[in-house]
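Engineer: sequence first, then the predicted structure:
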Amino acid sequence: MAPSVTEPKFVHADGAALEAISDAVDNVNKLKGLLAAAAESKRKKLLHGDEVKVLMDDDNRLKEEEKHSLEVHDITLDDNEVPFDAESKFDCGKDKTLFRQYAMATEQVKGFYKEQHEKHTVAYNLAARKRFSDPSRVRMEMGIWEAMEKLNTLIDESDPDTTLTQIQHLLQSAEAIRRDGKPRWMQVTGLVHDLGKLMLFFEGQLCSSQWDVVGDTFPVGCAWQETNIFHEYFASNPDTNDKVYSTRQGMYKPKCGINNLMMSWGHDEFLYLVLKDQSRLPKEALAMIRFHSFYPWHFGDGYKELMADGDEELLRAVRAFNPYDLYSKRDGVPDVEELKPYYMDLIDEFFPQKILKW
């Protein structure tokens with residue numbers, strides 16, 4: 001490995017606090033899915049009653065979305081693989097009712113989103129990207145597996161509340177995808193999808209605190225759509241009163257394309273910028289990494305007027321990945337050493353340059 005000139009300073013407590021808020025945010029999003037599933041079940045029952053006509057528009061929309069086919073950049077399926085967007089099976093036996101009620105979201109989560117929504121301005125996001133691309137920034141240089149081991153030090157493993165290592169959490173997602181027979185590129189996406197949290201090693205340079213590392217993401221530079229969680233907290237954001245940024249389209253052209261949005265800075269955006277030019281991941285995988293926290297879009301159906309031709313395929317990809325991000329943490333404990341050879345082979349396939357600049 002080419003060592004960094006200086007080793008970033010880091011406090012383990014920062015990592016523990018970050019994971020605590022990240023898990024609390026995930027719990028809220030898990031319940032969103034549960035409530036949506038209950039609503040869908042009720043909707044299907046209504047299909048046998050008098051409300052059929054009322055529901056036809058939703059049915060037609062879903063059918064149109066299902067017509068779109070996937071292009072995976074010449075990455076073909078092996079004989080034992082299934083399409084990436086086949087229904088997830090690994091979580092079919094889980095009791096999702098165990099996840100906390102949405103209405104009981106903790107004050108910690110509310111406080112987190114209040115700070116996040118107030119501070120994510122266009123000016124801040126431009127500055128964050130400038131800091132990331134600054135030629136003078138010292139960038140850690142390491143391979144994917146080494147990055148996973150580095151992420152392990154994010155939390156002090158002597159903490160009695162810590163039951164799984166960060167590597168085990170990543171392997172849980174990857175193994176769930178693998179068990180469902182999804183493509184190899186999606187398996188390795190599950191393996192790396194949270195490595196953006198390495199940015200916390202550069203607190204004060206790549207991030208300020210928890211609010212610009214984790215949580216739901218959204219575009220800046222246009223009106224805050226109501227599909228955002230705790231939408232009311234945006235009232236104190238300076239961009240809310242900007243003549244351009246407060247409009248529906250904001251600084252974007254109609255149908256500009258999801259990939260052309262300036263997403264709120266965080267670990268998803270950081271990892272996307274690191275991997276997009278240093279991997280052989282297909283566009284669907286990069287979308288899974290960049291947009292899996294963009295719940296106002298892939299769950300709330302917001303920001304559709306900004307989508308361009310082809311974005312429906314990216315939306316399908318992100319939605320296909322979402323269950324493996326949210327629900328795999330309750331699976332059994334993976335044997336890291338037993339699984340390492342398989343995933344090292346995947347890493348070599350999709351990250352051929354071995355050493356990445358972070």
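Structural biologist: Perfect, I can see it now.

Engineer: what's residue 315 in contact with, if anything?
Structural biologist: 65, 258, 297, 298, 307 (C-beta atoms under 8 Å, 6 or more residues apart in numbering). For every residue, glycine as well, the C-beta is placed using N, CA and C.

Engineer: of all those, which two lie farthest apart?
Structural biologist: Spatial extent of those (C-beta to C-beta) is set by the pair 65 and 258 at 14.9 Å.

Engineer: so what's the residue count around residue 217?
Structural biologist: A total of 25 residues lie near residue 217 under the criterion other C-beta atoms under 10 Å.

Engineer: from memory it sits against residue 267, does it?
Structural biologist: No: counting by C-beta atoms under 8 Å, residue 217 does not reach residue 267; the two are 9.5 Å apart.

Engineer: mean pLDDT per helix and strand in the chain: which one sits at the bottom?
Structural biologist: helix 52-66 (a mean of 45; mean pLDDT, DSSP states H and E).

Engineer: what's downstream of it, the next helix or strand?
Structural biologist: helix 107-119 (DSSP states H and E).

Engineer: that following helix - contacts with which helices or strands?
Structural biologist: helix 12-46 (3 or more C-beta pairs under 8 Å, 6 or more residues apart in numbering; DSSP states H and E).

Engineer: for the helix it packs on, what is the average pLDDT?
Structural biologist: For helix 12-46, mean pLDDT rounds to 71.

Engineer: go on, stretch 216-229?
Structural biologist: 97.

Engineer: which parts of that stretch are buried?
Structural biologist: 216-225, 227-229 (16 or more other C-beta atoms under 10 Å).

Engineer: picking up where we left off before, which one's more surrounded, residue 65 and residue 258?
Structural biologist: Using other C-beta under 10 Å, the more surrounded residue of residue 65 and residue 258 is residue 258, with 23 against 12.

Engineer: would you agree the more buried one is in contact with residue 297?
Structural biologist: Yes: contact status for residue 258 versus residue 297: in contact at 7.3 Å, counting by C-beta under 8 Å.

Engineer: contacts only, for residue 249.
Structural biologist: Residue 249 neighbours (C-beta under 8 Å, 6+ apart): 222, 305, 306.

Engineer: scratch that, residue 248 is what I was asking about
Structural biologist: Contacts of residue 248 by C-beta under 8 Å, 6+ apart are 222, 223, 305.

Engineer: residue 350 now?
Structural biologist: 184, 185, 188, 279, 280, 281.

Engineer: what's the PyMOL line that selects buried ones from the residues you listed?
Structural biologist: One line in PyMOL is enough to select the buried members of those, burial here meaning 16+ other C-beta under 10 Å:
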select buried, resi 184+185+188+279+281
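
Engineer: and the two most separated of the contacts of residue 350?
Structural biologist: Among the contacts of residue 350, 184 and 279 lie farthest apart (C-beta to C-beta), at 13.1 Å.
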